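Chemist: Following is a predicted model, sequence given first.
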Amino acid sequence: MEFKTFVFYVVAAILVFAALRTITARNPVHAALFLVLAFFSTAAIWMLLQAEFLAIILIMVYVGAVMVLFLFVVMMLDIDIARLRHRFWSYLPLGAMIGLLMVAEMALVLSGKYFSAAALPGQTMPEGYSNTKELGRLLYTEFVFPFELASVILLVGVIAAVMLTLRQRKDTKYQNPSEQLAVKRNDRVRLVKMATEKDLPAESEVKEGGQ
Amino acid sequence: MEALILNFFQWFWNLFGLWDAIWPWFQHVWPLAWSMMRIVAILVPLIVGVAYLPYFERKVIAYMHVRIGPNRVGPFGLLQPIADSLKLMFKEVLFPAKASTKLFIFGPIIALAPALVAWAVVPFADGWVLADIDAGVLFLLAVTSIGVYGIIISGWASNSKYPFLGAMRATAQMISYEIAMGMALVAVIMVSNSLNLSDIVRVQDQGRFADMGLSILSWNFIPLLPLFLVYLISGVAETNRAPFDVVEGESEIVAGHMIEYSGMAFALFFLAEYANMILVSFLTAIFFLGGWLSPVGFLPDGHHWLAAKVSFLLFCFLWFRATFPRYRYDQIMRLGWKVFIPLCIAWILVVGVWMMSPFNIWK
């Protein structure tokens, strides 16, 4: 057995284990962490396929950003596991049906002629082949319009998310740092001129005032 | 270098007349052994640096405060780090009641591991790099983005309120500043036309001023000055150092995600923080300050230049800590999202226009 094949089987075994634990772990935080492990193993498999750009981006985007926010949400939510298991059996047929549907779809795609081993390009790449460079070249030449379209859609999504959460509340107090920085001494401090000395009042008055 | 060590091995085993016997199987192990040797050669100085950086921090800040600093253990207190690490090793690691034990142990480990893995692509001099890969910058961004898991996992696994609040703060802060750091690197990649760290340094040795023997004026920090500052300040925020250390803000949440940790588990967080500081200093020196390049033409390039630049940047880290008061949390977020990211986007645009104009200096 070639060493690469051995690595593939090890990583694939970890991936399958992590994926199974993602759906069977009782604690939602543990499940999310197993999902992170699954992403890692997937990235390792992509790396074996010499798709280093996609592998690193998978780690950067999904592990580094998406899953952290996901963990955030899962940790903050008050998840009652008993309530989640409530009516498990009545939902099972529907869930199983959707699962089977997905398996059938994947089987159809993967057994089709476009994804069979014969249809895929060979593993041997020319000397100096850079997956990152090739991907960049294709994205910015042949597929530049779909690429730009996708980025515009993403931008719309970003702005929409900001707008949804942006609500003007009357009761929040907030500070404007630029205003704070632009403040001048004269706006805040008023110097009062006073005489440094003051004549003492007559002795009889002090006695009365002092009581 | 590789041949030299191999020759030494051959000479050593020939003393016993065993070389011919072990070479047939040893040649298969050799590439692995050679990689391990280089990893050790990188990690041992790093760990020593991580041990002595807190000592220098205490000394430097002490002198800035007109104090003396550690001076009891050894001459000038130089054995202080050893005493500290011995103390940490012999302390008991406590586990909070009802804490998630496995994740509690896993947290500090995952905090330290990325800080060490990232060194694989850092070039110390021309050709002195463990893995000279073309996607080096991407690899760095991916690996450093994992470090946040150490904080979030340990904060959650401690089963306590302050660690959890600290972890929340740290995570939000680190994710925000990661974006600013990545954005600052986009312009560096644009002008270097490469994702390879060694190439990024080599590109800074080209240009009109470098030809005149003044390589310092060709380094990235001059044309990309706003991004250099953004990267440096984001680096301080990313490593959760003062003045952005709200994570452990001792007056508010004591020590953030590290409260429940003791002994070696705590020491791992400590190691991770200082290893990250050194890493960020190295990266700033490589991306913006010309890495191992000498500032003037008549002095030879070499790793000592990189060491000098890194020492200066590390000194800046300590200097900031002694100088600035802690930022308020909302001000940190404002600085990251409303100042740094727009600044980066604007400067990327400027650099893009610059590169397309006849005044392009990066050809």
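Modeler: On my side now, so go ahead. From a predicted model like this one, the values you see are computed outputs, not experimental measurements. Numbering: from 1, shown residues only, chains lettered A, B, ... in the order given.
Chemist: C-alpha only now, for contacts and for neighbours.
Modeler: OK.
Chemist: Leaving out the residues flanking it, which one is nearest to residue A:74?
Modeler: Sequence neighbours aside, residue A:29 is the residue nearest to residue A:74 in space, at 6.3 Å (criterion: CA to CA, 6 or more residues apart in numbering or on different chains).
Chemist: shouldn't the one you found be in contact with residue A:70?
Modeler: No. Using CA atoms under 8 Å, residue A:29 is not in contact with residue A:70; the gap is 9.4 Å.
Chemist: give the contact list for residue B:204.
Modeler: Residues near residue B:204 by CA atoms under 8 Å, 6 or more residues apart in numbering or on different chains: B:192, B:215, B:218, B:219, B:220, B:290.
Chemist: how near is it to chain A?
Modeler: Separation of residue B:204 from chain A (CA to the nearest CA, to the nearest Å): 22 Å.
Chemist: roughly how far apart are the residue nearest to that residue when sequence neighbours are not counted and residue B:290?
Modeler: Closest residue to residue B:204 apart from its sequence neighbours, by CA to CA, 6+ apart: residue B:219 at 5.0 Å. As judged by CA to CA, to the nearest Å, residue B:219 and residue B:290 stand 5 Å apart.
Chemist: got any residues that touch both of these two?
Modeler: With CA under 8 Å, 6+ apart, residue B:219 and residue B:290 have common neighbours B:204, B:205.
Chemist: Follow the chain on from the lengthiest helix in chain B and name the next helix or strand.
Modeler: Taking DSSP state H as the criterion, chain B has its longest helix at helix B:19-64. Following helix B:19-64 in sequence order, the next helix or strand is helix B:80-90 (DSSP states H and E).
Chemist: Report the inter-axis angle for the next helix or strand after that following helix versus helix B:19-64.
Modeler: Next helix or strand after helix B:80-90 toward the C-terminus (DSSP H and E): helix B:101-117. For helix B:101-117 against helix B:19-64, the angle by axes from the mean of the first three to the mean of the last three CA atoms, to 10 degrees is 100 degrees.
Chemist: So which bits of helix B:101-117 are buried?
Modeler: B:103-116 (16 or more other CA atoms under 10 Å in any protein chain shown).
Chemist: Just the mean pLDDT for whichever strand or helix holds residue A:97, thanks.
Modeler: Element membership of residue A:97 [criterion: DSSP H and E] is helix A:88-111. In this model, helix A:88-111 has a mean pLDDT of 88.
Chemist: Looking at residue A:29 and residue A:70, which has the bigger crowd around it?
Modeler: The neighbour comparison of residue A:29 against residue A:70 (other CA atoms under 10 Å in any protein chain shown) goes to residue A:29, with 20 against 16.
Chemist: tell me the secondary structure for that one?
Modeler: Classification of residue A:29 using DSSP: H, G, I helix; E, B strand; the rest coil returns helix.
Chemist: per-residue confidence for residue 12?
Modeler: Going with chain A. 93.
Chemist: that's the other chain; I wanted chain B
Modeler: 82.
Chemist: circling back to that earlier point, who does the longest helix of chain B touch, helix- and strand-wise?
Modeler: helix B:2-14, helix B:80-90, helix B:263-288, helix B:303-323 (3 or more CA pairs under 8 Å, 6 or more residues apart in numbering or on different chains; DSSP states H and E).
Chemist: What mean pLDDT does the strand or helix carrying residue B:332 get?
Modeler: Secondary structure assignment for residue B:332, by DSSP H and E: helix B:329-334. In this model, helix B:329-334 has a mean pLDDT of 84.
Chemist: Restricting to C-alpha, output the next helix-or-strand element following it in CSV.
Modeler: Scanning forward in sequence from helix B:329-334 by DSSP H and E, the next helix or strand is helix B:341-356. The C-alpha coordinates for helix B:341-356 follow below in CSV (Å, rounded to 0.1, in the frame of the first residue of the first chain):
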residue,chain,number,x,y,z
ILE,B,341,-11.1,47.9,8.1
PRO,B,342,-12.2,51.0,6.1
LEU,B,343,-8.7,52.2,6.2
CYS,B,344,-7.4,48.9,4.8
ILE,B,345,-10.1,48.9,2.0
ALA,B,346,-9.2,52.5,1.1
TRP,B,347,-5.5,51.8,0.9
ILE,B,348,-6.0,48.6,-1.1
LEU,B,349,-7.8,50.8,-3.6
VAL,B,350,-5.0,53.3,-3.6
VAL,B,351,-2.4,50.6,-4.1
GLY,B,352,-4.5,49.1,-6.9
VAL,B,353,-4.7,52.4,-8.8
TRP,B,354,-1.0,53.1,-8.1
MET,B,355,0.0,49.7,-9.6
MET,B,356,-2.0,50.4,-12.7
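Chemist: Looking at helix B:341-356 now, give me its mean pLDDT.
Modeler: Helix B:341-356 shows a mean pLDDT of 91 in the predicted model.
Chemist: per-residue confidence at residue A:204?
Modeler: You'll see residue A:204 listed with a pLDDT of 62.
Chemist: Just the closest residue of chain A to chain B, please.
Modeler: Closest to chain B within chain A is residue A:60: 4.4 Å, counting by CA to the nearest CA.
Chemist: Near that residue, how many residues? Count them for me, please.
Modeler: 21.
Chemist: now do residue B:128
Modeler: A total of 14 residues lie near residue B:128 under the criterion other CA under 10 Å.
Chemist: Check what pLDDT it gets.
Modeler: Taking residue B:128 on its own, its pLDDT is 82.
Chemist: That one and residue A:31, how far apart?
Modeler: Distance of residue B:128 to residue A:31, computed by CA to CA: 41 Å.
Chemist: can you list the residues of chain A near chain B?
Modeler: Contact residues (CA under 8 Å from any CA of the partner chain) of chain A with chain B: A:52-53, A:56-57, A:59-60, A:63-65, A:68, A:72, A:75, A:132.
Chemist: Put together JSON lines for these, with secondary structure, pLDDT and distance to residue A:169 on each row.
Modeler: Below are those laid out as JSON lines (DSSP: H, G, I helix; E, B strand; the rest coil; pLDDT from 0 to 100; distance: CA to CA, whole Å):
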{"residue": "A:52", "secondary structure": "helix", "pLDDT": "82", "distance to residue A:169": "46"}
{"residue": "A:53", "secondary structure": "helix", "pLDDT": "85", "distance to residue A:169": "44"}
{"residue": "A:56", "secondary structure": "helix", "pLDDT": "89", "distance to residue A:169": "41"}
{"residue": "A:57", "secondary structure": "helix", "pLDDT": "89", "distance to residue A:169": "38"}
{"residue": "A:59", "secondary structure": "helix", "pLDDT": "90", "distance to residue A:169": "38"}
{"residue": "A:60", "secondary structure": "helix", "pLDDT": "88", "distance to residue A:169": "35"}
{"residue": "A:63", "secondary structure": "helix", "pLDDT": "88", "distance to residue A:169": "34"}
{"residue": "A:64", "secondary structure": "helix", "pLDDT": "84", "distance to residue A:169": "32"}
{"residue": "A:65", "secondary structure": "helix", "pLDDT": "83", "distance to residue A:169": "29"}
{"residue": "A:68", "secondary structure": "helix", "pLDDT": "87", "distance to residue A:169": "28"}
{"residue": "A:72", "secondary structure": "helix", "pLDDT": "83", "distance to residue A:169": "25"}
{"residue": "A:75", "secondary structure": "helix", "pLDDT": "84", "distance to residue A:169": "27"}
{"residue": "A:132", "secondary structure": "helix", "pLDDT": "76", "distance to residue A:169": "46"}
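Chemist: can you name the two of those that are farthest apart?
Modeler: Distances among the residues of chain A next to chain B were taken as CA to CA; the most separated pair is A:75 and A:132, at 35.8 Å.
Chemist: report the angle between the axes of the helix or strand hosting residue A:32 and helix B:101-117?
Modeler: Residue A:32 is part of helix A:28-48 when elements are defined by DSSP H and E. Interaxial angle, helix A:28-48 versus helix B:101-117 (the same axes, to 10 degrees): 30 degrees.
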